[in-house]
Structure formats: structure tokens, C-alpha cells
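**Q** next one to model:
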Amino acid sequence: MDLWVAIAGFGVGVVVGLTGMGGGALMTPLLVLVFGVPPLSAVSSDLVAGAIMKPFGGAVHMRRGTVDKRLVLWLCVGSIPAAFAGVFVAKAVDGEGMSHVIQSLLGAALLVAAAGLVVKAWFGLRDQARAAADPSLREVVEGALARVRVRIIPTVLVGAVGGLVVGVTSVGSGSLIVIALMALYPALRPQQLVGTDLVQAVPLVGAAALAHLLFGDFQLALTVALVVGAVPGVLLGAAVSSRAPGGLIRAALTVVLTASGLKLLGASTVAVGVTTAVLVALIPAVWVLARRHHGLPLRTSPVPAARTPTEPALADQVPAT
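**A** Next comes the predicted model:
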């Protein structure tokens, strides 16, 4: 077993658990470009490792209640058969050419989604400033989970497209479907977005992994190394994600979307690494400046705990003058 592959698996596992995306978009290029694994072997082994890794992260979110099971059901209706069929499509057509086109389109979509997250965060700060100035505008309690109306046909189509892409390239079980969920259900909180995406990816990746076990180029030693590192990584990332503030998860999503998009568009590993480091350094400073621009405190005040009936208010303890 390659120790460095296990360490890389741990890092990718943390990203997957934290953001719900990045498994195929980060791990497959790492295996091919850094460790010299043949592309088909990288896709097959990464998918099998993902099928073992993702249930651990999904279980954490299920226990915390940050999964919309109705969305998971309808996504799987489209994704499971499409993921299995994607392997046969890749073999029937020019797999390398199709994979290149799909990855380029997906890379562009990831960069657009990252920009969309930044814009959404800016308008979110504006709305917070308005709510602080006028308490009557407060409609959503921070931390409350949203219940959305499921749009069945678009959700099934999203699952089918995502499943097909995953079957061909191993990329998209998290990144592509996260983008679609953000567009279809903007009311979903970040914790729900990550949790729902992780759970729906379990049967999706499982179907694609089964097809690659039967018809791909699965390597047992490579997969074991990935799993040994990825399982503790995804548990750690999911535990942080299900408890972390929404702003932290949105920042992590922005970094992962940008890095994955650049890699899929053919950027060098050095360029992706430098860009990621710059984003990690700049995002906190930009966030502080944005909050100051909107006149918001750098820290949100905690919601005071509810008083028990036997605990008098401070005003009740002060004698009237």
C-alpha cells in the first residue's frame, strides 16, 4: 500500500466531507498527474473508493438531520441507471474525447458556481444589514433548516445528467449536483446542501463503481490505500460541516469549486495550488471588509438562551424607584 496515496486520500476525504464535492475532481487528477496511475485505473479505483468512503460522511449528516431525503430519492431515480449506463457509453464512443469535452464544460460550470457563491454571499450580507436596521424584515432564524418544495422532473433530470457524467469520467457526483441543487433550491442551507449531496452520491457512485468493477480497470492495492486515508478524512470533514457556520462552508465551497474548475480546464497543479493558497489568504480579509462595508459586526451575537419560568428577568430583580 502506498502511504502517500493514503495521505492524499485523507486530504480529499476531508474536502468531500466538508463540502460534499471534490472527490473525483480532485482525486482522479491527483492519481493521474502526481502518482502516474493510468486514467482508466484512476477512474475505476477512485469510484470504488468513493463508494466506500461517502456512506461514512453521509451517515454523519443523517444523524444530524441535515439531509433532505425527498431530494435524495428523486435524484437517485435518475442517477443510478444513468451512472451504470455511463460506463458503456464511454466504451462505445471515443471515451477520451467525450471525457475531455465533459470535463471542460464541468470546469467552466464550477467557476461560474464559485462566482455565484460570492455574489450570493454579498447579497446575503446586504439582507443581514437590512434586517439589523429593521427587525420586521427578519424572516429566517439563523440555523433553521429549510423545507423546500421538491420539483420532481428537474430533480430527476439533474440526477440523470450527473449520473451519466460520473459513469464516464468519475467527476460530478458532488460538484455537478451541488451546482444544480443550488440553482433549483436556493433556500437550502449550506449544511443541508452538503448533507443531501453526500447521501445521494452513495447510490450514484455505487452504481458507477459496480459497472467499473465489471468492465473497468479496478486495482485493489490502489483502492485500499485510498480508502484507508479517505474514510477518516471524510468523517472529520462531515463532522465539521454538520456543525460549522454557513459562512465557513460557503468559503470552503468557493475554494473547492475554483480549484476543481481550474484543474478540469487543464490548469497545472502548481497554478491550482497557488490559486487555492491565494483564495485561502484573501477570503477572510475580503469577508471582513464586506461586513464593514455593510455596517455589520465582525461576529454575530449569540442568541440568548430562553429563560425558564422560575428564573426572573434581570429587570424583575431590580426594585422599582
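**Q** so who does Ala251 touch?
**A** 283, 287 (CB atoms under 8 Å, 6 or more residues apart in numbering). Just so you know, the C-beta spots here come from the backbone N, C-alpha and C atoms, and that holds for glycine as well.
**Q** what helix or strand is it on?
**A** helix 246-264 (DSSP states H and E).
**Q** just the helices in this structure please.
**A** Along the chain, counting by DSSP state H, helices occupy 3-19, 23-29, 39-64, 69-92, 95-133, 152-169, 175-184, 190-215, 220-243, 246-264, 269-293, 314-317.
**Q** hmm, who's touching the second one?
**A** By CB under 8 Å, 6+ apart, the residues outside helix 23-29 that reach it are 8-9, 12, 15-16, 39, 42-43, 46-47, 49-50, 53-54, 106, 110, 166, 169-175, 201, 205, 226, 256, 259-260, 263-264, 269.
**Q** in PyMOL, select just the buried ones from those residues.
**A** In PyMOL, a selection of the buried entries from those looks like this (16 or more other CB atoms under 10 Å):
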select buried, resi 8+9+12+15+16+39+42+43+46+47+49+50+53+54+106+110+166+169+170+171+172+173+174+175+201+205+226+256+259+260+263+264
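**Q** any chance of the helices of the chain in TSV, plus mean pLDDT?
**A** Shown next, in TSV, are those (pLDDT from 0 to 100):
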stretch	mean pLDDT
helix 3-19	85
helix 23-29	74
helix 39-64	81
helix 69-92	87
helix 95-133	71
helix 152-169	88
helix 175-184	80
helix 190-215	84
helix 220-243	85
helix 246-264	78
helix 269-293	87
helix 314-317	39
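**Q** most packed of those?
**A** helix 23-29 (a mean of 28; mean count of other CB atoms under 10 Å).
**Q** and the closest residue to Arg126 other than its chain neighbours, how far is that from Arg189?
**A** Using CB to CB, 6 or more residues apart in numbering and skipping the chain neighbours, the partner closest in space to Arg126 is His294 (6.1 Å). Applying CB to CB, to the nearest Å, the value for His294 to Arg189 is 20 Å.
**Q** repeat for Pro38
**A** 41 Å.
**Q** of those two, which one has the most company?
**A** Arg189 (17 against 12; other CB atoms under 10 Å).
**Q** got the confidence number for that one?
**A** On the pLDDT scale, Arg189 is placed at 78.
**Q** phi and psi next, for it.
**A** The phi/psi pair for Arg189 (degrees, to the nearest 10) reads phi -80, psi 160.
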